[in-house]
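Colleague: quick one, structure for this:
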Amino acid sequence: MRRGLLKIIFAVPFAVVGITSQPAMAAFKTGNDLLRECEAGEGPNPNMFQLGACAGYILGVADTIAFWSQVKDGKNCIPASSQAGQLKDIVVKHLKANPEVRHFDAQTLTYLAFRNAFNCPLIGVANGQR
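Modeller: Residues are numbered from 1 along each chain as shown. I've put the predicted structure just below:
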């Protein structure tokens, strides 16, 4: 009896938190967030921390695309000679040109920017479909 009561006492706070908490975001960052970070790193007084966050995020997506492209068909669609600044410029250009979708997740928008720039194939599609 006492063990059952203790279980209820400990379970109720977790249940209440689960019911009242906000739903989890599907992504850590939106296109708006990424563009804001990238633009903060420009100009006469650049925020180097935000520029690093921008570049690091974009390079992380580029590395992920490279990895999964290699797994899928042994080829990386992003040229090995690409520079970090070039990849950032491609993504920023895509985000500025498509404000209607900037509220979407940044990783998808970054992938689409690379797909448009380098003709990257679809990766991670079920049943090997393209």
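
Colleague: burial of T108, as a residue count?
Modeller: Using other C-beta atoms under 10 Å, T108 has 14 other residues around it. Bear in mind the C-beta positions are built from the backbone N, C-alpha and C, glycine included.

Colleague: next one: it relative to K72, how far apart?
Modeller: 18 Å (C-beta to C-beta, to the nearest Å).

Colleague: now F104
Modeller: 23 Å.

Colleague: can you show me the helices along the protein?
Modeller: 2-20, 31-40, 48-73, 84-97, 106-118 (DSSP state H).

Colleague: how about these in CSV, adding mean pLDDT?
Modeller: Output for the helices of the chain, formatted as CSV (pLDDT from 0 to 100):
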stretch, mean pLDDT
helix 2-20, 46
helix 31-40, 96
helix 48-73, 90
helix 84-97, 97
helix 106-118, 95
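
Colleague: quick check: chain neighbours aside, which residue is closest to P79?
Modeller: For P79, ignoring the flanking residues on the chain, the nearest one in space by C-beta to C-beta, 6 or more residues apart in numbering is F118 at 6.9 Å.

Colleague: contacts for stretch 52-72?
Modeller: 29, 34, 37-38, 40-41, 75-78, 82, 84-85, 87-88, 91, 106-107, 110-111, 114, 120-121, 123-124 (C-beta atoms under 8 Å, 6 or more residues apart in numbering).

Colleague: I'd like to know which of those residues are buried.
Modeller: Buried members of these, counted by 16 or more other C-beta atoms under 10 Å: 29, 34, 37-38, 40-41, 76-78, 82, 87-88, 91, 106-107, 110-111, 114, 120, 123.
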